[in-house]
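*Asks:* sequence plus predicted model, see below.
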Amino acid sequence: MNRVILAIALFAASAFSEAAYNANMAGELEGFYVYAEGDYIYFRLKNQPSSHPTCSPVYFVIPETVSSDRRKAMLSRLSLAYATKEIVTIGYDNTGDCAHGYLRVYRVG
């Protein structure tokens, strides 16, 4: 009986985890923003999306749940692209999984 309950709980939990890196968008950075009170990174593209089904499309966010080393690498990539006006490709979830209410970033390339 316990196995049945566990199987049902695992199935139900997996149905709610819809986080996915399922879209890419390329564009020039309009700006990026870091704050002393948190370990997250906000940024905007000049061609920022104008809508999203669950998140505010105003910013892309690299959340504090990303390891410090990875956040530093992504910030370095954003800094270089901003300084050189280079086009970057952003990997994100275009259907859900917000970070701080904004578009969660999975990749900066």
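*Replies:* That came in fine, so what should we check first? Residues are numbered from 1 along each chain as shown.
*Asks:* residues in contact with the top helix by length along the chain?
*Replies:* Longest helix in the chain, counting residues (DSSP state H): helix 68-84. Under the contact criterion CB atoms under 8 Å, 6 or more residues apart in numbering, helix 68-84 has outside partners 28-29, 31-32, 34, 39, 41, 43, 62, 64, 66, 86-88, 105, 108-109. Placement of C-beta: from N, CA and C, glycine included.
*Asks:* swap the cut-off to 7 Å and go again
*Replies:* For helix 68-84, contacts defined as CB atoms under 7 Å, 6 or more residues apart in numbering pick out Leu29, Phe32, Asp39, Ile41, Phe43, Ile62, Val88, Val108.
*Asks:* please export the C-alpha coordinates of it as PDB.
*Replies:* In PDB, the C-alpha atoms belonging to helix 68-84 read as follows (Å, rounded to 0.1, in the frame of the first residue of the first chain):
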ATOM      1  CA  SER A  68      27.800  31.300  -7.800                       C
ATOM      2  CA  ASP A  69      30.400  30.200 -10.300                       C
ATOM      3  CA  ARG A  70      27.800  29.800 -13.100                       C
ATOM      4  CA  ARG A  71      26.200  33.200 -12.200                       C
ATOM      5  CA  LYS A  72      29.700  34.800 -12.400                       C
ATOM      6  CA  ALA A  73      30.300  33.200 -15.800                       C
ATOM      7  CA  MET A  74      26.900  34.400 -17.100                       C
ATOM      8  CA  LEU A  75      27.500  37.900 -15.700                       C
ATOM      9  CA  SER A  76      30.900  38.000 -17.400                       C
ATOM     10  CA  ARG A  77      29.300  37.000 -20.700                       C
ATOM     11  CA  LEU A  78      26.600  39.700 -20.300                       C
ATOM     12  CA  SER A  79      29.200  42.300 -19.500                       C
ATOM     13  CA  LEU A  80      31.300  41.600 -22.500                       C
ATOM     14  CA  ALA A  81      28.300  41.500 -24.800                       C
ATOM     15  CA  TYR A  82      27.000  44.800 -23.400                       C
ATOM     16  CA  ALA A  83      30.400  46.500 -23.800                       C
ATOM     17  CA  THR A  84      30.900  45.300 -27.400                       C
END
